[in-house]
Each structure stands twice: as C-alpha cells, then as structure tokens.
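# generate coordinates for the sequence data below:
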Amino acid sequence: IVALLAVPRRRWGWVVVGLLFPSFVGLALGLMPLTAAVWWAVAICVEPLFAVVTLRWVATRGRRTYNRGLVRFFVVAVVFAPMLGAAIGSIGTMVAYDESWLSVWRQWVLGDALGVLIVASLLLEYRPSKPTKRSRYEIVGLITALAVSVGLTFINSGANGAALLPYVILVSMIWAGMRFGARAAAAAGYVTALGVNIATSLGHGPFAASQRSADIVTLQIFLIIAVLTGLIIASMAHELTDRVEVGRLLAHQAKHDALTGLLNRNVFVDRLDEA
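The predicted model follows:
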C-alpha cells in the first residue's frame, strides 16, 4: 500500500511483481500447492490495489482535512481492503487444505488489518516535519513504558499480568500520540506489536492460551484497539495545535502591519483609549 501510494501509476507493475515474488518462490521450492498459490497471489495483489485506487478516488471527493484523510485511510485500507483480500485468499486455503473458510477469513482480516495499521501507519507518518521539542524525561518515560509493555508479555504472571498489560500499553499509545504525534504513536505501536507477538508465539504472556490461533486473534484485536486509540489521540492533538496556530496568526495579523511588521493603527487606537 505504501509503495503504491509513493510511486506513479506507470510503475505499479514493478510493485505487483514484488507482491507476486513470494508465491513464485513458494511454488519453486514446493512449499505450497498450485491452487493455493494462485488464489493467494491474486488476493495479495488485489488487496493493496483496491485500497490505493479507492483512496485516490475518495481523495478527489469533498474537502481535504487531516482528520478526514485519516478516517478514509482506516475505513478503506484497514477494513474493506483486508476483507476483500481475505475473501479471495481464503478460497485457496479452503480448496488446498480443506479448512473452514470463515475461520481462515477471520484470521486473514485481522492479520492484514493489524499489518496495515502498524506498518503502513508507521511508514506513512515518517515524513519531514517541524521538530517538536520534548523534555528528556518525557522521552525516557515513553521508552520505559514501552519496555515495560513488552517485558510484561515475557513474564508468565497469570491473571495479574493480563489485567495490568492492557492499561500499560494503552497509556503508552495515548501518551505517544498526545505528546509526540502520530509518527511516535505509529512507531510505538510497531515496537509493542513486534515484542508482544514474539512473546505470544513463544507461549509467554497473558495472551498465551491453549490454542495458538485463539491467542493471535485476541492479541490482534487488542493491539488494533490500542494503536487506533493512540493515532486518534494524535489526530485530535494535531487538529488542536493547528487551531491554536491559526488563532495566533490571526491575532498577530490583527495587530501588526503586513509589510513592516510594526504595530498597526488598531493597536494605536486601543492604547490611546487606555491612556
């Protein structure tokens, strides 16, 4: 999705080749049957193409704002595109491995939604921007909170860990979004998701249950909620900052001459009245 958004349409063919490459390798090494490889390849190509084409089409409709762009990205790329890709890819899994279509579809949707939310958000937010100064204590605090979040998943603390971990991760995501912006929230979500997934796959942490597939589904739902909360907070903080800056600019323009930058007639009259 990020590659298709970044390159011109005439170069999309190279991106599609890259998407198809894993299926070619899997077939060459005999790691998957032909039926599954074909359906998976189609799903892997259709999903991002549908997301990007829809996003570009929707972007031409209505007024462009930061919040609307964020909502459109989530609705198209995180909800509808994974549902479409999962519907196609699950057919190949069902035919080749005789598994339940609904079960595979659900896990595919959650997996791709989490991937888009974590990875695409991180890459899309990594763009040049004005540096924002934060105190070293805030930076150390955020790093510590993320370390605790990941560390708790490697400790088999039972019910206590299961009750504590969501609060620590949610606070970390909200703090990152509010004080450091969407880029930091996306990066924090990526680091946390990576550590928590590794711990859960190894059988550690409060999300490790009897069935591995159930662990991953529960974990993905929780991480989506946590990261989405941080990004929404970042969006709200971004809009509030813009409004404050616009207010300051309007106040400055009302009291200063546009050419010289000196105080204007309005300020003179006000001070004359005060005197």
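
# can you list the neighbours in contact with stretch 26-36?
23, 25, 37, 40, 92-93, 95-97 (CB atoms under 8 Å, 6 or more residues apart in numbering). Quick note: C-beta positions are derived from backbone N, CA and C, even for glycine.

# mind redoing it with 10 Å?
22-23, 25, 37-38, 40-41, 89, 91-97 (CB atoms under 10 Å, 6 or more residues apart in numbering).

# filter the residues you listed down to the ones in helices?
Cross-referencing those against helices under DSSP state H gives 22-23, 25, 37-38, 40-41, 89, 91-97.

# of these, buried ones?
Restricting those to buried positions leaves 23, 37-38, 40-41, 89, 91-94, 96, with burial counted as 16 or more other CB atoms under 10 Å.

# which SS state does Leu31 fall under?
coil (DSSP: H, G, I helix; E, B strand; the rest coil).

# low-confidence bits of the stretch 151-275 of the chain, can you list those?
156-164, 166, 206-218 (pLDDT under 70).

# if we can go back for a sec, and which of the contacts of stretch 26-36 is nearest Val109?
Gly89 (10.0 Å; CB to CB).

# the nearest residue to the closest one once chain neighbours are set aside and Ala81, how far apart?
Using CB to CB, 6 or more residues apart in numbering and skipping residues adjacent in sequence, the residue nearest Gly89 is Ala43, 3.4 Å away. Computed with CB to CB, to the nearest Å, the distance linking Ala43 and Ala81 is 10 Å.

# repeat that for Ala186.
Taken as CB to CB, the span from Ala186 to Ala81 is 18 Å.

# swap in Gly13?
Gly13 is 20 Å from Ala81, by CB to CB.

# what do you get for Gln220?
Counting by CB to CB, the gap from Gln220 to Ala81 is 16 Å.

# now the helices: where do they sit in the stretch 151-275 of the chain?
Taking DSSP state H, counting those that start in this stretch to define them, one finds helices in the stretch 151-275 of the chain at 158-180, 182-201, 212-255, 265-274.

# please identify the most buried of these.
helix 182-201 (a mean of 21; mean count of other CB atoms under 10 Å).

# and that one, what does it pack onto?
Packing partners of helix 182-201 (3 or more CB pairs under 10 Å, 6 or more residues apart in numbering; DSSP states H and E): helix 101-115, helix 121-125, helix 136-153, helix 158-180, helix 212-255.

# what residues of the first one count as buried?
Applying a neighbour-count criterion of 16+ other CB under 10 Å, the buried positions in helix 101-115 are 104-105, 107-110, 112-114.

# can I get these in CSV with distance to Thr260?
As requested, the buried residues of helix 101-115 are exported to CSV (distance: CB to CB, whole Å):
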residue, distance to Thr260
Val104, 69
Trp105, 66
Gln107, 65
Trp108, 63
Val109, 60
Leu110, 60
Asp112, 57
Ala113, 55
Leu114, 55
